[in-house]
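1. let me see the structure of the following:
(chains A, B and C, ligands or ions: 2)
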Amino acid sequence: MKYPKIGIYAGSGTSHSWLWFVDLFEKAGFCDFVFPNEVLVRNNDIKSLDVLVVSGGDTFAVAKSLGEKGGRNIRSFVEQGGIYIGSCAGAYLPMRSSKPPLDLFNFVDVKITNLSKLFPGAEIEICKSCAAYGYDFVFHPVREAVSLKTTCFFDKDRKIRFNAPLYGGPGMKAHDPSWVLAVYEGFTPKTSFFTSRKIAEKTLMGNGAIVRVPFKKGCFYLLGPHLEHPGFKQANRFIIDAVIRETGMAYDYIDLKTDKACFPAKEKLTGKKAKELILSIRRELSNSRIVAGSLEFLPVRWLIGQKVYEPQKIRVYLEAMWKRLKSLEKNKVLILGPGLYDRITHAAGRITIELRRIKQQIDGNRDSLKTAISIFDLLHILSISFFDLYFATLSNGINQ
Amino acid sequence: MEYLSTDKILIIDLNAAEVEEEDLDETLVKEKIGGIGMTTYLYDKYKEEDPIVIGTGLLTGTTYPASASGQITAKSPVTGKVCHCPVIYKLGVEIKYAGFDYIVVKGRSESPVYLWIHDGVADISDAADLWGKDVWEATDELRKFVGDDLLQTMLIGPAGENGSDYAQVCYNHWNSPDRFGFGKLFGSRNLKGFAFRGMGLIEVAEPEDYVERSLEILKEVKENKFLGKKGLAPILTALGEEGVDEWIDPVTHRHSADYFTPYASNTALFLDEDPGLLEESKKEEPGVLVSDLYALLGFKNSGFSAKDAGSALKACAKYGIDPFAVAKLSGKTTLEEITASFDSISGEITIPGRGIFSPWCPAGPVFNDFGLAGEDGTIAWWERRQAVSMIFGIQPMFSLMCPELTEENMLELASLGTDIELTRETLDAVVDTILG
Amino acid sequence: MGIKINALKCTNCMACEMVCSYHRDDGFAFLSACIVAYRARERKDYFGVLLKEDDVLIVARPEGLEINKIGEEADPDKEADASAKPMLLREGCDLCEDMDDYGPMCVAFCPADAIELD
Ligand code: SF4
Ligand code: SF4
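-> Ligands and ions are numbered 1, 2, ... in the order given. From the prediction side, this is the model:
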């Protein structure tokens, strides 16, 4: 059986939710992953992928870092048969907007329903981190779990209902109503309201929550809520089914794509050197998660770009690597791309230093924003490198 | 060893500055159970190198009531005997969750070091900046450096660095049950001590049964009336001391318990702050946490006010010296004299029975009589009870209070937790080896 | 229905934290607990209990209860914002709904009877 090659975008502007996609796909048994950042997308290293996932985060920051070239490459990726899955910020990205740099990504004819102009005169609280979209503001009517109902998809006669959490993702109106795979159907006891219930209902109910837009040979999947959130099994299943169906995993679909040259050859690391690498990862991840654990109890958060970051998010990155360390340790042979050894050890060591620095800054009531920015950058670099090592090593183990 | 264990023994060679790991073999657990059963075995195994062995009990850090304790097993530089010092507060638990069941430290370091044990990693770290600092300064500095206030430390102060016979290994900022001069031993190895932090997961063979039985036992334990009390004063009163409450109440702040321990046997005294204060004190050092009954009593009997006794205990904790030895041997009656006398104390403190367990806790039952008769029998009972507590990792003072924590249910839970059949015969054999 | 903590009865023994984590992890650990014995001010002998529910964080301090709402928007003008809520990403208290034989584990195991079902 062949597995689809999945690229999970982990470049600038993404939040930790891309880690949820890693968990989700790994649990489903997929093992062929890459974690492109903006440079790789701009270099069109995504063309050999079957699926490109752009998760939550800051749409503006993602758009800005991908730039015109990145936009062009994503468009041609989908045109040639690729599957784009965008959740939350990743869903907003390909929708129409007049505002630069979002206008570089005007790919699909889907409209946002949570725009303030649609509710003239209503009391809508526009928070400062809500984004200006073109001439208008996106607002967040509710947060947390909402309930969805499928319209059609695998089984036209049977409609499924499930919950998924909404953290600022869109309600959607598609140019062609058949593109809508699921609509917002209701709220749950866990939903918190940020507008009146009436406006929240008007904004979301009956509007698209999951939209699939066919685009030449490929398609865009736009997910308003975070279907990939680990607490929502049925929502997770929806994504997996979609990927299996779209990529025809059981067929030799993947063989049609032979261009795998873009990702460089890897080398093997064994014996003492392999042990040393694992130990140094373990050491620094441990040092880092110890500080991150204590930051969890401090009253601080940072505004980076358009997004608010809490210290707890640091732990999400660290735990995503930590929980995989044991299976990595069991492998006698580690598979690494060129330069990865140094990248991992350097980033891991730096994260410990920066985390210890930020703890002292917060304790001393000093400015910590700059350190926070560098910590999240380093966490990105480390986790991308770590997952490269992890999946290459594990799939090597499976192949042997 | 898959269950109730991190499966790892750490061997640290200070001479070579090298760290090695061994798997904890299940057959060894079948034979030695754990805690001081195992640390005694490891001490003997590396006897030539006169090691310091740190460990935790088989049940440490679980839902078994009072499963708080760890232990240090080493040869006392004062008495020459291999002794076992309980590790209390929340430190015993942290050792296990930091990723090692046992740690053997061999040799002597060229220059001062401390051992940073975290999540299954052991780092021999330079202690040049810590050497010369007192226990409080060193603990604070390590917590600041590592970036976590929950870091648990096992450190020596100036007393240990200077080779005092009464030097203690202290736990976090506080005095410990060390009456064996282990502080001197650490100092002689150029070892400032340990810092522990761990966020591991301990697996259990039969989790549901284990937890269910733990709760049943806890419910029986809670039937005890003494659990309505808190702190050191009621223990001293129960042991026949008079006037303790009146003496200590004016400076008593709150009482806290060791991990999962139903009796709060640590009493915080506020010295530089209103003891009735509920919110967080703005003072940097409002007081001291006391776990040492007899040190407290010693200062009381020397005519100290409770406040001065607290100040003396705090000074002892900072200096890393056994406060009981100071109270008993210094012959001083004022605070100033006491602090000036740390380096010139001399004399012996008696350790009951075979001299291998710390008389930090009473050498007999507390609150309950356990059906004991004559004194000879009491010491034998006490030694067995201490040995058993420190094999399984039970807080050794609480085990003297609570008959519901029986050898049978400790064995039962150890078997449920590990899936290894552990019998009374095995336990007897382990205790015999420990008692020699 | 929820749980009520009496911080003055609490002895900071961490039993609640351990059993809460156990009910999520099926092993012994502390990391996934939504109830935490606060002990970071050890030198000042200041301790209490933190409880994360779905949308509030309850801080049971000796001087009284404090209830903070979780999920409110931060004021991005403030770089370090004191209204930010700790333990945000831990799962909220579910009253141990899956532990049929016990009910709330922390209530059952607190040796000091400092926690009650309200
Ligand atoms: S009721 Fe259960 S989930 Fe809630 S705090 Fe207590 S142990 Fe944790
Ligand atoms: S179990 Fe009870 S006494 Fe122990 S920390 Fe929790 S609330 Fe406090």
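2. compute the number of surrounding residues for A:Leu40.
-> 21 (other C-beta atoms under 10 Å in any protein chain shown). Glycine gets a C-beta too; all of them are placed from N, C-alpha and C.
3. can you list the residues that contact stretch A:59-79?
-> Residues outside stretch A:59-79 that contact it (C-beta atoms under 8 Å, 6 or more residues apart in numbering or on different chains): A:9, A:11-14, A:38, A:41-42, A:44, A:46-47, A:49, A:52, A:54, A:84, A:89-90, A:92-94, A:101-102, A:104-105, A:107, A:131, A:215-220, A:305-307.
4. could you write me a PyMOL select line covering just the buried ones among the residues you listed?
-> This is how PyMOL selects the buried members of those, with burial counted by 16 or more other C-beta atoms under 10 Å in any protein chain shown:
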select buried, chain A and resi 9+11+12+13+14+38+41+42+44+46+49+52+54+84+89+90+92+93+94+101+102+104+105+107+131+215+218+219+220+305+306+307
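5. return the subset of the contacts of stretch A:59-79 lying in helices.
-> Taking DSSP state H as the definition of helices, these contribute A:Glu38, A:Val41, A:Arg42, A:Ala89, A:Gly90, A:Tyr92.
6. what two of those are the furthest from one another?
-> Distance extremes for those: the farthest pair is A:Arg42 and A:Tyr92 at 20.0 Å, using C-beta to C-beta.
7. lowest average confidence, helix or strand, in chain C?
-> strand C:64-69 (a mean of 85; mean pLDDT, DSSP states H and E).
8. typo on my end, chain A
-> Ranking every helix and strand in chain A by mean pLDDT, DSSP H and E puts strand A:132-133 at the bottom, with a mean of 62.
9. list the helices and strands whatever helix or strand C:His23 lives in packs on?
-> Here C:His23, judged by DSSP states H and E, is contained in helix C:15-25. Counting contacts by 3 or more C-beta pairs under 8 Å, 6 or more residues apart in numbering or on different chains; DSSP states H and E, helix C:15-25 packs against helix B:207-222, strand C:35-41, helix C:105-109.
10. can we see that at 6 Å?
-> Counting contacts by 3 or more C-beta pairs under 6 Å, 6 or more residues apart in numbering or on different chains; DSSP states H and E, helix C:15-25 packs against strand C:35-41, helix C:105-109.
11. show residues contacting the helix or strand following the last one.
-> In this case it means helix C:105-109. Going down the chain from helix C:105-109, the next helix or strand is strand C:115-117, by DSSP H and E. Residues outside strand C:115-117 that contact it (C-beta atoms under 6 Å, 6 or more residues apart in numbering or on different chains) are C:Ile3, C:Lys4, C:Ile5, C:Pro104, C:Cys106, C:Val107.
12. show me the shaky parts of the stretch 301-400 of chain A.
-> A:397-400 (pLDDT under 70).
13. near chain B, which residues of it show up?
-> Residues of the stretch 301-400 of chain A lying close to chain B by C-beta under 6 Å from any C-beta of the partner chain are A:Arg356, A:Lys359.
14. quick one: the helices in the stretch 301-400 of chain A?
-> Along the stretch 301-400 of chain A, counting by DSSP state H, counting those that start in this stretch, helices occupy A:312-329, A:340-363, A:369-399.
15. related to what we said a few turns ago, where among the helices and strands packed on helix C:15-25 is the average confidence lowest?
-> Among these, strand C:35-41 carries the lowest mean pLDDT, a mean of 93.
16. keeping just the C-alphas, turn that one into CSV.
-> The C-alpha trace of strand C:35-41 is given here as CSV (Å, rounded to 0.1, in the frame of the first residue of the first chain):
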residue,chain,number,x,y,z
ILE,C,35,-6.2,20.3,40.0
VAL,C,36,-2.8,21.4,41.2
ALA,C,37,-1.4,21.8,44.6
TYR,C,38,0.3,25.1,44.3
ARG,C,39,3.7,25.0,45.9
ALA,C,40,6.0,27.4,44.1
ARG,C,41,6.3,29.8,47.1
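17. quick one on the thing from earlier: looking at the helices and strands packed on helix C:15-25, which is buried most?
-> helix C:105-109 (a mean of 23; mean count of other C-beta atoms under 10 Å in any protein chain shown).
18. ramachandran angles for B:Phe182?
-> The phi/psi pair for B:Phe182 (degrees, to the nearest 10) reads phi -60, psi -20.
19. just checking, B:Ile12 touches B:Arg108?
-> No. Contact criterion C-beta atoms under 6 Å: B:Ile12 and B:Arg108 do not qualify, at 11.7 Å.
20. more neighbours, those two?
-> Using other C-beta under 10 Å as the criterion, B:Ile12 and B:Arg108 rank with B:Ile12 on top: 24 against 13.
21. contacting residues for that one?
-> Contacts of B:Ile12 (C-beta under 6 Å, 6+ apart): B:Val19, B:Val105.
22. and it, what's its pLDDT?
-> At B:Ile12, the pLDDT value in this model is 98.
23. surely it is within a helix?
-> No. Using DSSP: H, G, I helix; E, B strand; the rest coil, the assignment for B:Ile12 is strand, not a helix.
24. okay, and the beta partners of it?
-> Beta-bridge pairing of B:Ile12 under DSSP bridges involves B:Val19, B:Val105.
25. tell me how far it lies from A:Arg282.
-> Noted for B:Ile12: a distance of 17 Å to A:Arg282, by C-beta to C-beta, to the nearest Å.
26. equivalent analysis for A:Gly218, please.
-> The gap separating A:Gly218 from A:Arg282 is 40 Å, by C-beta to C-beta.
27. got it, and B:Pro365?
-> Look at B:Pro365 and A:Arg282: by C-beta to C-beta, they are 45 Å apart.
28. ok, now A:Val146?
-> 39 Å.
29. neighbour count for those two, which is higher?
-> The residue with more neighbours, out of A:Val146 and A:Arg282, is A:Val146; 26 against 22, by other C-beta under 10 Å.
30. I figured that one hits A:Leu166, correct?
-> Yes. Contact criterion C-beta under 6 Å: A:Val146 and A:Leu166 qualify, at 5.1 Å.
31. for the chain, which spans come out with low pLDDT?
-> Using chain A here. A:1-2, A:121-136, A:153-157, A:249-265, A:397-400.
32. wait, chain C
-> Within chain C, the ranges that satisfy pLDDT under 70 run C:70-89.
33. show me which residues of it sit near ligand 1.
-> Residues of chain C lying close to ligand 1 by C-beta under 6 Å from any ligand atom are C:3, C:19-20, C:23, C:34-35, C:51, C:93-96, C:104-106.
34. residues touching A:Phe215, list them.
-> For A:Phe215, the contacting residues are A:Val78, by C-beta under 6 Å, 6+ apart.
35. beta partners of it?
-> With DSSP bridges as the rule, A:Phe215 is bridged to A:Gly218.
36. in contact with the residue nearest the centre of chain A, which residues are there?
-> Note on chain A: the residue nearest the mean C-alpha position is A:Ser55, at 2.4 Å, using C-alpha atoms, centre = their mean. By C-beta under 6 Å, 6+ apart, the contact list for A:Ser55 reads A:Thr14, A:Ser17, A:Trp18, A:Phe21, A:Ser87, A:Gly90.
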